[in-house]
Structures are given as structure tokens and as C-alpha cells.
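J.: generate coordinates for the sequence data below:
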Amino acid sequence: MVQRGTPWYKNEKGLFAVEFKTLFSVLKKHMGDGDDIPYFFRELMAMITTVTEEEWGTCKDPSNKVKADNSIRTYVKRATLPKKLAQAIVYRLTPEILVKRINERKHTVRKLLAEDLQPYDATMDADNVAKNVADIIVEIIQISAGLAPKSDLEKQQQQQIEADLSRRFGEFLLQETDGYCPFPGCGRQLHIVNGNKTSPLYKVSLIDKSKTSSIDNLIALCPNCYTTYQLDDSKQVCKELKAAKRILSIHKQSVQLLDNMALEKGIIGVIGKIKDLKQKDLVGASLDPKEIKQKLDPDKDLAIYGVVNYYVNTYFLKVKEIMMSLDKRGIIDYEETQDQMKAFYRNLKKKKLTKVEIFNEIVDKIHRVSLQENIYCQIVVAYFIQSCEVFDVITK
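T.: Model (predicted):
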């Protein structure tokens, strides 16, 4: 049971959990290699999280080494980490790196490390100490961040729920993510590669835990983000996950929509010619794209306006020349391509996508067909914006 208001609590085995100051002291003793406390603390943080010291949010100026070092010396005397630090890193933990670093140590070192921690867990030995230490420090960080650990019964119930959701919805949700954890700030791959074999590595979570398990309220996460989110009742985190789910859903629906629509394979030749352009080829070929403001309002869509305006100004005349040349040679049907681009836009517009979303989805469609870099696909879409196939004239 967790004893609120104290850093000590008993786990399900009836053993007292390890305080951070104790764990840090043991790790430094066996892995510190003579490093001073601040240096080893930073090394430990580098092993357990992707968050940099500048992002910890505990030191106003980490570049002030004396002040930062003094802060760190106070951290390692505590039973838990500072809450602000823990909250900054709890969703960006890399326990697998810590496990790897401990397992790289000699058997004798791992054995001594295990022996020092056996008062907290008698099953510790040289073979399992790395995984156990990583589990302990993850739990310390979760508790420090204000996330209470679950009992073994709660964990078992959660595992059963997750297994059922994965069986029913896992394949669809994994495809929806394109194989990467969509939790804000994560991006881990949701599969592992062992030799020639690839295995999925993800968990299915409810987004809003107060609602039912509909496909719109489920998301595939990496095991680390999943485990932490099950302990977290933050409305802000839930809101961020809902936003991530919306982006995933829109993209998947757009892919399905555009997959059923043809795109001239000759576009590959167009992009190939664009990639071959040199600076001298563009001299004197610039265009002042006054019409862009008729379709993109810089006050509302500044980012996409800037991108499209630049590409049109720099490449439009040359891309048109390439298109006309390849059309005459029968490599691309220019009129058919115009119709296809217009159809892409009309169908995406019906889905009430924003202009940025429409731009990105058409770029992605061209990328999937051509397997060319997105930057060149963007140039092509910008061309069709200027030539009036994509986006309507803004009505005042």
C-alpha cells in the first residue's frame, strides 16, 4: 500500500521500496568510475531519459555550472526526485538504455550491485539486476511526478483489458500510427527487429479513460508511454492525446480516400527533372506569384503561405517548362494530371480539412506514388496551387 505523505511505501511483496538517494549511492558506488556526484547524476539522466538538462526545468540557468552542481547535490540526498524534474522526464524515459549499460558491466560488478540491493528484493542477482534497477528508477520517477503505482491486482486487470483491446483493435491502430508512438514527444518505433524477424512492440490504451473503448477513443502507444499514461489522470495529457488521435485519424482517412484515386506515374519523371535542376537553371526563371494571396491568406495561414510563395517564386516557370516538355514526349498526360490534382483537392475539401492538412495529404500521396523526397513533392503541389488546381480563390 502507498503511504501518502511519505517517500516510503511497501510494494506487493511486502518489501520497502528503495529511496532515490539509496539507489543513486549504490549505482555510483559500482558504476561511477570515480566520477563526482554531479557528473554521475548527469550520466544517469542520460541513460534514463532523452530530456536534456536544459529541459529539466529545475535549474533556471544550467549553464551556471556551480549553481547547477549545487542543485544536483541536493537532489541525490532526497528520497524522491524533485516533482518538476520528474514530470519533465516521466514520459520520455529510456530504461532500456540503463539496462544495456548495467549489463555491459562485468559479472562481478553486477553481482555486487545486486547484493547491495537484496535487502529491498532478495531475488536480485547478477542476471536480473539491470532490469530490476531500471524498474525501480522508473517507479521512483513516476512516484516523484505524482503518479501513484498500481497494486498487482490492478496491474493484472489492466493487462487483461489491454490484451483484449490489442486483440480486437491492435492491428488497425498500429497501422494508423505508421509504426511510431504518437505520444507527444516520443516517436519510438512500435516494433523491434531481431535478426531477420520483426515483432510488434506496442500497447493499446484508452484515450479518455472515462469513456468506452470505441475505435475513436483508442490509440497504440509504446510500452513506456502506455505504462505511464495508465497512472496519469491529467486532463491536459488526455487533451494532447486526443489531438494526436485526430491527426492520425485524418491522415488514415485521407490515405484511404486518395489511394482509390489515380495519379499519373509520369509525375516521377517530373520530380526527377526538378531534382536535377541547378541554380543556374533557375536564373531569370523567377515568378512573382501575386495570385497566391488570392488562395492563401498570410494572416491566417502564414506558414504554408511562406512555403508555397517561395516554391512558386523559385520553381513555377521551370516546372511548367518540364511539364510541357514531358507532355509532348508522352511521358506525362498534363491535362489528366491537372484533373487528378483538382480531384484530390475537392475530395479532401469535402472532409473539411484545413489548408495545411490538404497540402500535406496531397504531398504524401505524391510521395507514396513516386517514392521521392517530400521537399520535391511540395514543389509539385505548390505548382498546382499557382496553376489553380489546388485551393479556391478566397471570397471576401
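
J.: and residue 348, how close does it get to residue 391?
T.: 11 Å (CB to CB, to the nearest Å). The C-beta positions use only the backbone N, C-alpha and C, and glycine is treated the same way.

J.: out of the two, which sits in the more crowded spot?
T.: residue 348 (25 against 21; other CB atoms under 10 Å).

J.: now residue 158: closest residue in space, sequence neighbours ignored.
T.: residue 230 (5.9 Å; CB to CB, 6 or more residues apart in numbering).

J.: likewise for residue 113?
T.: Nearest to residue 113 is residue 30, by CB to CB, 6+ apart, at 4.5 Å.

J.: going by neighbour count, list what's buried in stretch 79-87.
T.: 79, 80, 81, 82, 85, 86, 87 (16 or more other CB atoms under 10 Å).

J.: flag the shaky bits of the stretch 201-350 of the chain, pLDDT-wise.
T.: 285-290 (pLDDT under 70).

J.: strands of that one, start to end?
T.: Listed in chain order, the strands of the stretch 201-350 of the chain (DSSP state E, counting those that start in this stretch) span residues 203-206, 218-221.

J.: what lies in contact with the last one?
T.: By CB atoms under 8 Å, 6 or more residues apart in numbering, the list of residues contacting strand 218-221 from outside reads 165, 169-170, 173-174, 176-177, 181-183, 186, 190, 202-207, 229, 241, 244-245, 248.

J.: picking up where we left off before, who are the packing partners of the strand or helix carrying the residue nearest to residue 113?
T.: Element membership of residue 30 [criterion: DSSP states H and E] is helix 20-31. Identification of packing neighbours for helix 20-31 by 3 or more CB pairs under 8 Å, 6 or more residues apart in numbering; DSSP states H and E yields helix 37-48, helix 107-117, helix 129-144.

J.: helices and strands around the first one, which ones?
T.: Counting contacts by 3+ CB pairs under 8 Å, 6+ apart, the secondary-structure elements packed against helix 37-48 are helix 20-31, helix 53-56, helix 65-75, helix 95-103, helix 129-144.

J.: which one, of the ones you listed, ends up nearest to residue 302?
T.: Counting by CB to CB, residue 302 lies closest to helix 53-56 out of the helices and strands packed on helix 37-48; the figure is 27.1 Å.

J.: which positions within the closest one qualify as buried?
T.: Quick answer for helix 53-56 (16+ other CB under 10 Å): 53, 56.

J.: next one: it to chain centre, how far?
T.: 19 Å (CA atoms, centre = their mean, to the nearest Å).

J.: tell me what it is packed against?
T.: Checking 3+ CB pairs under 8 Å, 6+ apart, helix 53-56 ends up next to helix 37-48, helix 83-89.

J.: angle of the first one against helix 95-103?
T.: Interaxial angle of helix 37-48 relative to helix 95-103 (axes from the mean of the first three to the mean of the last three CA atoms, to 10 degrees): 120 degrees.

J.: ok, and what's touching helix 37-48?
T.: 24, 27-28, 31-32, 35, 51, 53, 56, 68-69, 72-73, 75-76, 89, 93-95, 97-98, 101, 134, 137-138, 141.

J.: buried set for it?
T.: 37, 38, 40, 41, 42, 43, 44, 45, 46, 47, 48.

J.: quick one: residue 326 and residue 269 touch, right?
T.: Yes: with contact defined as CB atoms under 8 Å, residue 326 reaches residue 269; the gap is 5.5 Å.

J.: longest helix in the protein, by residue count?
T.: Identified as the longest helix of the chain according to DSSP state H is helix 302-328.

J.: quick one: that helix to chain centroid distance?
T.: For helix 302-328, the distance to the chain centre is 32 Å (CA atoms, centre = their mean).

J.: show me what contacts the residue nearest to residue 158?
T.: Going by CB under 8 Å, 6+ apart, the list of residues near residue 230 reads 150, 158, 205.

J.: turn the residues you listed into JSON lines, including distance to residue 264 and neighbour count.
T.: Formatted as JSON lines, the contacts of residue 230 follow (distance: CB to CB, whole Å; neighbours: other CB atoms under 10 Å):
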{"residue": "150", "distance to residue 264": "55", "neighbour count": "16"}
{"residue": "158", "distance to residue 264": "50", "neighbour count": "16"}
{"residue": "205", "distance to residue 264": "41", "neighbour count": "24"}
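
J.: and those, which is closest to residue 360?
T.: Using CB to CB, the contacts of residue 230 come closest to residue 360 at residue 205, 25.8 Å.

J.: would you mind measuring from that closest one to residue 161?
T.: 10 Å.

J.: what do you get for residue 252?
T.: 24 Å.

J.: check residue 110 too.
T.: Noted for residue 110: a distance of 35 Å to residue 161, by CB to CB.

J.: those two: which is more packed in?
T.: Comparing residue 110 with residue 161 by other CB under 10 Å, the one with more neighbours is residue 110, at 23 against 15.

J.: filter the contacts of helix 37-48 down to the buried ones.
T.: Buried among the contacts of helix 37-48 (16+ other CB under 10 Å): 24, 27-28, 31-32, 51, 53, 56, 68-69, 72, 75-76, 89, 93-95, 98, 101, 134, 137-138, 141.

J.: name the nearest residue to residue 311, ignoring sequence neighbours.
T.: residue 382 (3.7 Å).

J.: element containing the one you found, please.
T.: Residue 382 belongs to helix 374-386, assigned by DSSP H and E.

J.: can you dump the C-alpha atoms of that helix in CSV for me?
T.: Extracted in CSV, the C-alpha atoms of helix 374-386 (Å, rounded to 0.1, in the frame of the first residue of the first chain):
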residue,chain,number,x,y,z
ASN,A,374,8.8,15.2,-49.6
ILE,A,375,10.6,18.5,-50.4
TYR,A,376,10.3,17.9,-54.2
CYS,A,377,6.7,16.7,-53.8
GLN,A,378,5.9,20.0,-52.1
ILE,A,379,7.3,21.9,-55.1
VAL,A,380,4.9,20.0,-57.3
VAL,A,381,1.9,20.7,-55.1
ALA,A,382,2.9,24.4,-54.9
TYR,A,383,3.0,24.5,-58.7
PHE,A,384,-0.6,23.2,-58.9
ILE,A,385,-1.7,25.7,-56.3
GLN,A,386,-0.4,28.5,-58.6
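
J.: who are the packing partners of that helix?
T.: helix 267-276, helix 302-328, helix 334-350, helix 355-370.
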